[in-house]
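Engineer: quick check, what structure comes out for this input:
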Amino acid sequence: MDKQNNLISRAFNALVEGRQRQAQRYVAEFERTHAHLRNKNTDR
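Structural biologist: The predicted structure is shown next:
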């Protein structure tokens, strides 16, 4: 049973890490494409 829990735990951790990388890529792309919006608030 311990091996099965280890396998499930590793699979879940891999799934979470994949989602984290996906979220990081999404945020980086959003910041690149919307950089002009960030600068508008500082030009006052």
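Engineer: tell me where the model's unsure across the protein.
Structural biologist: For the chain, applying pLDDT under 70 flags the ranges 1, 39-44.
Engineer: show me where it has helices.
Structural biologist: With DSSP state H as the criterion, the chain has helices at 2-33, 35-40.
Engineer: what would those helices look like in CSV with mean neighbour count?
Structural biologist: All C-beta atoms are positioned from the backbone trio N, CA, C, and that covers glycine. Listed next are these as CSV, based on neighbours: other CB atoms under 10 Å:
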stretch, mean neighbour count
helix 2-33, 10
helix 35-40, 8
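Engineer: tell me how far residue 22 lies from residue 10.
Structural biologist: From residue 22 across to residue 10, the span is 19 Å (CB to CB, to the nearest Å).
Engineer: same check, this time on residue 21
Structural biologist: 16 Å.
Engineer: same check on residue 35?
Structural biologist: Note on residue 35: its distance to residue 10, by CB to CB, is 38 Å.
Engineer: what of residue 32?
Structural biologist: Going from residue 32 to residue 10 by CB to CB gives 33 Å.
Engineer: what's the answer for residue 34, then?
Structural biologist: Distance, residue 34 to residue 10, by CB to CB: 36 Å.
Engineer: restrict stretch 22-40 to CA atoms and write it as CSV.
Structural biologist: Below are the C-alpha coordinates for stretch 22-40, written out as CSV (Å, rounded to 0.1, in the frame of the first residue of the first chain):
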residue,chain,number,x,y,z
GLN,A,22,1.6,26.8,-17.0
ALA,A,23,0.5,29.6,-14.7
GLN,A,24,4.0,31.2,-14.7
ARG,A,25,4.1,31.1,-18.5
TYR,A,26,0.6,32.6,-18.7
VAL,A,27,1.6,35.5,-16.3
ALA,A,28,4.8,36.2,-18.2
GLU,A,29,2.9,36.3,-21.5
PHE,A,30,0.3,38.6,-20.0
GLU,A,31,2.9,40.9,-18.7
ARG,A,32,4.6,41.1,-22.1
THR,A,33,1.5,41.7,-24.0
HIS,A,34,0.0,44.2,-21.6
ALA,A,35,3.2,46.1,-20.6
HIS,A,36,1.7,49.3,-22.0
LEU,A,37,-1.1,49.2,-19.5
ARG,A,38,1.3,49.1,-16.6
ASN,A,39,3.1,52.2,-17.7
LYS,A,40,-0.1,54.3,-18.1
